[in-house]
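*Asks:* 3D model of this:
(2 chains)
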Amino acid sequence: MCHSRTTTHHMADDKKLTTRAKDFSAWYNELVLKAEMADYSPVKGCMVIRPNGYGIWERMQRALDDMFKATGHQNAYFPLFIPESYLHKEKEHVEGFAHEFAVVTHGGGKKLEEPLVVRPTSETIIYSMFAKWVQSYRDLPILMNQWANVVRWEMRTRLFLRTTEFLWQEGHTAHATHDEAEAEARQMLGVYRDFMEGYIAMPVITGQKTDSEKFAGALRTYSCEAMMQDNKALQAGTSHNLGQNFARAFELKFQSEQGTEEFAWNTSWGVSTRMVGGLVMTHGDDNGLRCPPLLAPIEMVIVPIYKTDEERSQVLEAANNIAKSLGAWDRREYARLRIHIDSREGIKPGAKYYEWELRGIPLRLELGPRDLASNQGVLVRRDTKEKRPVSLDTLGEDVADVLSAMQRDMLAAAVDRRDANSHRKPMSYDAFRQLMDGEGGFVYAGWCGMASCEAEIKADTKATIRCLPDEEFRSAEVPTTCLKCGMASTVEALWAKAY
RNA sequence: CGGGGCGUAGCGUAGCCCGGUAGCGCGCCUGCUUCGGGAGCAGGAGGUCGCCGGUUCAAAUCCGGCCGCCCCGACCA
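*Replies:* Next up is the predicted model:
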């Protein structure tokens, strides 16, 4: 209703999200809660993932799982509880995680002989089992993945981005050689990148972590770094070459072709429900979520419009026919549309529009008597708000075209936004500090390789080296001096504030 | 764990300073009219005012203690 703005002002404020420009953090929380993606739980730091959020996670799982299978991996499941002693077998690993342990000390009313740690990650228990299963080089490689929950006792939590318990997948592999493990770690980083760009429409910079940021116990860590709309970086996935560190700790040995006894080489890699938060902060707008079509639990919602009962039954019949033909169960996955008809009574169409926009459903088909009279509907894109009439005869093709265009456009828009907030020209340290103090962004700059420079920059600005970018992401003009100390640069680094 | 803020109906809040019938908006239920961008009217349901104790004739309000949550920082996917 466009009348009496002043009298409806309070009501409107109740329903609208805080804008991103006003308070990005408040916007994010309100969006996640109001779109019913998640809610706070009775347990501090733990969240409830509601159907609107879980549906996105399910689609993420499905796509990723197919990609893992296509690259030769199999799913398995290992216990939630890990004997405390296992976690202590790899020194760096326990040092990195010990302060986040949740520990079970009692079971069945009795004190346990050995405390059990609720897994923060499963390297230790998985490689202890691999050790049992591997004797010969012929038993390698092992390419395994598990979908699981993990617990890390974080100080401060945020819905989806950091919670005490979270859902993820963790891939674990064992190989006969360093190079094979390295290739695996790089391959899975590539899978993550393909998924993030192809499905989440979230562009990422891939690269290697510095020693101070690498996984506890790893030889090398690679990561995918995405830029959120507040110009902060989100580490969206990591892949580790674990070297022989865990193999030594758990005596994961094999006899080589030459008859010698060797330690295996491991990799592990994971992505989590954090990606759902990344999706929100990459694509959400002031009206709510914008969900990339490939991950949307519902791709198109049909909103019927009518006045009389007779019109209502006509419009609903037409809607049902559309849903039946385009969403038919016997269609192939890629051709079957996920359609919902919002047939709720007593809610006006306008109110439904706002609700589905908040939830990020990519397409809306408005269907009313005037449309039916001309065998058409009005198709509205969530990303651009573009509205146009479409013939019901060619609706299936039209919708498929628009959905794939949206998927492409959303990625392109995210790439543009990231590039517009990336800085590759030589920058003084003062200018860098000012930038990080203000609007932020990704800064590509030289680094001398000293941990002290890295630490001082973090202390000064809260910015960290997100990664040492892979070749394709490096600047055309190679930086020559360290951002901090001005000494000769040994490598190009990507600096940003991060979640 | 340090700093800040907040706990009153499902949600958001007023009332608290200055003690005296717990109010408003949204949402919810019923009915009628509506329905192409957050509907209108009428009626209605819903409250241990976070918890424990103290002061008082009387406490949401004053005092003491505790608990919880959110935000900012240090730690982290």
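
*Asks:* leaving aside the residues next to it on the chain, what's closest to residue A:128?
*Replies:* In this structure, residue A:128 finds its nearest non-sequential neighbour in residue A:250, 4.8 Å apart by Cβ to Cβ, 6 or more residues apart in numbering. (Each C-beta comes from the backbone N, C-alpha and C, glycine too.)

*Asks:* burial measure for that neighbour, as a count.
*Replies:* Per other Cβ atoms under 10 Å, the neighbour tally for residue A:250 reads 24.

*Asks:* Would you check how far apart it and residue A:112 are?
*Replies:* Computed as Cβ to Cβ, to the nearest Å, the residue A:250 to residue A:112 distance reads 22 Å.

*Asks:* rewinding a little: and the residue nearest to residue A:128, how far is that from residue A:242?
*Replies:* Residue A:250 is 11 Å from residue A:242, where distance means Cβ to Cβ.

*Asks:* cool, and residue A:156?
*Replies:* Per Cβ to Cβ, residue A:156 is found 28 Å from residue A:242.

*Asks:* what does residue A:303 give?
*Replies:* Separation of residue A:303 from residue A:242 (Cβ to Cβ): 51 Å.

*Asks:* Could you do residue A:467 as well?
*Replies:* Distance, residue A:467 to residue A:242, by Cβ to Cβ: 18 Å.

*Asks:* ditto for residue A:293
*Replies:* Applying Cβ to Cβ, the value for residue A:293 to residue A:242 is 36 Å.

*Asks:* Then residue A:432?
*Replies:* As judged by Cβ to Cβ, residue A:432 and residue A:242 stand 34 Å apart.

*Asks:* who has more neighbours, these two?
*Replies:* residue A:242 (27 against 20).

*Asks:* Find the nearest non-adjacent residue to that one, please.
*Replies:* Excluding the flanking residues, the one nearest residue A:242 by Cβ to Cβ, 6+ apart is residue A:266, at 4.1 Å.

*Asks:* next one: residue A:386
*Replies:* Nearest residue to residue A:386 in three dimensions, chain neighbours excluded: residue A:380, at 7.1 Å (Cβ to Cβ, 6+ apart).

*Asks:* so what's the one you found up against?
*Replies:* Counting by Cβ atoms under 8 Å, 6 or more residues apart in numbering, residue A:380 makes contact with A:353, A:363, A:364, A:365, A:366, A:386, A:387.

*Asks:* swap in residue A:455?
*Replies:* The contact partners of residue A:455, by Cβ under 8 Å, 6+ apart, come to residue A:212.

*Asks:* any idea of the pLDDT on it?
*Replies:* If you check residue A:455, the pLDDT there is 90.

*Asks:* quick one on the thing from earlier: the residue nearest to residue A:128 contacts residue A:125, correct?
*Replies:* No. In this structure residue A:250 lies outside contact range of residue A:125 using Cβ atoms under 8 Å: 9.3 Å.

*Asks:* Touching stretch A:417-431 from outside, list them.
*Replies:* With contacts defined as Cβ under 8 Å, 6+ apart, stretch A:417-431 is touched by A:203, A:226-227, A:229, A:231, A:435, A:439-445, A:475, A:477, A:479, A:483-484.

*Asks:* Taking the centroid of chain A, which residue is nearest it?
*Replies:* In chain A, the C-alpha nearest the mean C-alpha coordinate belongs to residue A:275, at 1.5 Å (Cα atoms, centre = their mean).

*Asks:* Could you list the residues of the stretch 201-350 of chain A in contact with RNA strand B?
*Replies:* Taking Cβ under 7 Å from any atom of the strand as the contact definition, the stretch 201-350 of chain A meets RNA strand B at A:213, A:215, A:235, A:238, A:270, A:272-274, A:287, A:305-308, A:345-350.

*Asks:* if we can go back for a sec, for the residue nearest to the centre of chain A, which residues are in contact?
*Replies:* Going by Cβ under 8 Å, 6+ apart, residue A:275 touches A:60, A:196, A:200, A:236, A:237.

*Asks:* and the second one, what element?
*Replies:* Assigned by DSSP states H and E, residue A:196 belongs to helix A:178-198.

*Asks:* go on, the third one?
*Replies:* Remark: residue A:200 resides in no helix or strand, with elements defined by DSSP H and E.

*Asks:* follow-up on the earlier one: can you verify the residue nearest to residue A:386 is assigned to a strand?
*Replies:* Yes. Assessed with DSSP: H, G, I helix; E, B strand; the rest coil, residue A:380 lies in a strand.

*Asks:* what about the nearest residue in space to residue A:265 that is not next to it in sequence, neighbour count?
*Replies:* The shortest distance from residue A:265 to any non-neighbouring residue, by Cβ to Cβ, 6+ apart, is to residue A:181 (3.7 Å). Residues near residue A:181, counting by other Cβ under 10 Å, number 25.

*Asks:* Pretty sure residue A:181 sits against residue A:172.
*Replies:* No. Residue A:181 is not in contact with residue A:172 according to Cβ under 8 Å; the separation is 11.3 Å.

*Asks:* Quickly list what's touching both of the two.
*Replies:* Residues touching both residue A:181 and residue A:172 (Cβ under 8 Å, 6+ apart) are A:266, A:267.

*Asks:* Give me the neighbour count for whatever residue of the stretch 351-499 of chain A ends up closest to RNA strand B.
*Replies:* Using Cβ to the nearest atom of the strand, residue A:368 is the residue of the stretch 351-499 of chain A that sits closest to RNA strand B, at 2.4 Å. Close neighbours of residue A:368, defined as other Cβ under 10 Å, add up to 19.

*Asks:* how about stretch A:174-187, does it get close to RNA strand B?
*Replies:* No. For stretch A:174-187, no contact with RNA strand B is found by Cβ under 7 Å from any atom of the strand; the gap never falls below 14.8 Å.

*Asks:* Could you pull out the buried residues of that stretch?
*Replies:* Within stretch A:174-187, the residues scored as buried using 16 or more other Cβ atoms under 10 Å are A:174, A:175, A:176, A:180, A:181, A:182, A:184, A:185, A:186, A:187.

*Asks:* what do you get for stretch A:326-333?
*Replies:* A:326, A:327.

*Asks:* Need the contact partners of it.
*Replies:* Here stretch A:326-333 makes contact (Cβ under 8 Å, 6+ apart) with A:336, A:337, A:338, A:339, A:395, A:396, A:399.
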